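generate a structure from the sequence data that follows.
(chains A, B, C and D)
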Protein chains: 2
Amino acid sequence: MQHNPISVLIVDDHPMVIEGLKTLLSDDDRVVVQTHFTNGKDTLEFLEHEKVDVVLLDVNLPDINGVEMVKFILEKRATVQILGLSTYSEPSIINQMIKNGVKGYLLKNATSDELVKAITKVYQGDFYFGSEVQKILADSVTQETIDIPKLTRRETHILRLIAEGKTTNTIAEELFISPLTVETHRRNLMQKMEVSNAASLIKVAVEKKLI
Amino acid sequence: MQHNPISVLIVDDHPMVIEGLKTLLSDDDRVVVQTHFTNGKDTLEFLEHEKVDVVLLDVNLPDINGVEMVKFILEKRATVQILGLSTYSEPSIINQMIKNGVKGYLLKNATSDELVKAITKVYQGDFYFGSEVQKILADSVTQETIDIPKLTRRETHILRLIAEGKTTNTIAEELFISPLTVETHRRNLMQKMEVSNAASLIKVAVEKKLI
DNA sequence: TTCAATATACCGGAAAACCAGTAGAAAAAA
DNA sequence: TTTTTTCTACTGGTTTTCCGGTATATTGAA
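Here you go, the predicted model:
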């Protein structure tokens, strides 16, 4: 089955993680680490003219945000399979990454075995999620993560201004619109966030990372 | 100078980080990795009857909190030097760790050179902080971290209730005090936080991690 | 082009928040 | 024990928010 080993590209800004991944993967001849990068830009440049089977992608890169990165990589190389990697498990981020096309997701406490398993699965076009990640995803369905309300541009803007402590009138002046309009927006915001005043509006906005 | 290499103990719950550290340190004969653990409990047990020169301690262990861990290790082995390691850089945590006795601190994006340098420095009894960490520490002195207003117990409590979207009257009922009293507290809170309404009160409270 | 979503704007009224100042009782610190 | 801080409470008044509606212009996607 494994005539050609699966070529892997590692993207992570931590040298020690890169070395660790290489070591963990070096024992297994089904997988070969082709190269590695510590930032998004170099990775994308490389993929411009080279190809790999699987990208091991850290979510927290110094230059490009992980969710964006998935999109960019797949734009360049639609056939590549991406396996997300991160230390912590933010349900919303994992969800976004999946939406953008990652085929698997592991936390960094994964063992060597799990790593190889994930890579081979993903390479075959299957999905693979670490057990903790699965748990998180399961929770996130029931939890509040799923109901992050979609705010319009104007609403997001006004939300920020409210958080800065500005009154309806001040905001209206700043945006050259009627205070009544601002109030309508604020009311829509509160309805979407299911709260009944500005204080808790800000709290849930922070919780849902909308600010 | 380096007759005996410095013996190092690695504590990190991520196998790939452990492998990475080992690899990064394997090139240098001034340092030898004696053993490694993935949790706090096993580490402390080991230190009960064995000794090492330097402990590379990840801040985020599954069982014991990093700040506590420093204290426990030094209680067991007062002569050991501890070098903190973490992915992110929380000024408050770094400060606490230093207070508890770590001699150095690195982010996980450190290079092999920096790692060895840090270990040798720390071993000699000196301090060593990665450049990013230094920046963070410097900032944390000048930045807003310092002017976290001291809230009284009652104020903290009421702040939480405000964040939950409760009105003055509701809070008063809940605490069996007059609404007027609650209002006084809220006004004091706003004054201390230098804001003029509940929305921004919550925002800065979140920023300053008071909620 | 048509339709849905978004941004705009209004009325009237109730509720809550905000402001400025004062002040006594209780608890904690000196 | 004295002093300071914290918690309590008030008067009286202004401003702002919040609520339940309604409604039109504009924009963007199908």
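
quick one: the strands in chain A?
A:6-11, A:31-37, A:54-58, A:81-86, A:104-107, A:128-129 (DSSP state E).

just give the nearest non-adjacent residue to residue A:12, would you?
Excluding its sequence neighbours, the residue lying closest to residue A:12 (Cβ to Cβ, 6 or more residues apart in numbering or on different chains) is residue A:58, at 3.9 Å. In this view, the C-beta of every residue, glycine as well, is placed from N, C-alpha and C.

typo on my end, it should be residue A:111
Nearest to residue A:111 is residue B:15, by Cβ to Cβ, 6+ apart, at 5.5 Å.

name all residues that make contact with that neighbour.
Residues near residue B:15 by Cβ atoms under 8 Å, 6 or more residues apart in numbering or on different chains: A:20, A:24, A:109-112, B:38.

going through these, which ones are buried?
Among the contacts of residue B:15, those classed as buried by 16 or more other Cβ atoms under 10 Å in any protein chain shown are A:20, A:24, A:109-110, A:112, B:38.

residues touching residue A:122, list them.
A:54, A:81-83, A:103-104, A:128 are the contacts of residue A:122 under Cβ under 8 Å, 6+ apart.

what's across from the residue nearest to residue A:18 when sequence neighbours are not counted in the sheet?
Nearest residue to residue A:18 in three dimensions, chain neighbours excluded: residue A:36, at 4.9 Å (Cβ to Cβ, 6+ apart). Beta-bridge partners for residue A:36, by DSSP bridges, are residue A:10.

just checking, residue A:36 touches residue A:11?
Yes. Residue A:36 lies in contact with residue A:11 (Cβ atoms under 8 Å); the separation is 7.1 Å.

ok, longest helix in chain A?
For chain A, the helix with the greatest residue count under DSSP state H is helix A:179-193.

what about residue A:154, distance to residue A:186?
11 Å (Cβ to Cβ, to the nearest Å).

out of those two, which sits in the busier spot?
Between residue A:154 and residue A:186, counted using other Cβ atoms under 10 Å in any protein chain shown, the more crowded position is residue A:186 (20 against 14).

surely the more buried one meets residue A:168?
Yes. Contact status for residue A:186 versus residue A:168: in contact at 6.8 Å, counting by Cβ under 8 Å.

near DNA strand C, which residues of chain A?
A:150, A:152-155, A:175, A:177-178, A:180-181, A:183-185, A:197 (Cβ under 7 Å from any atom of the strand).

off-centre distance for the helix or strand bottoming out on mean pLDDT in chain A?
Ranked by mean pLDDT, DSSP states H and E, the weakest helix or strand in chain A is helix A:131-142, scoring a mean of 76. On the basis of Cα atoms, centre = their mean, to the nearest Å, helix A:131-142 sits 15 Å off its chain's mean C-alpha point.
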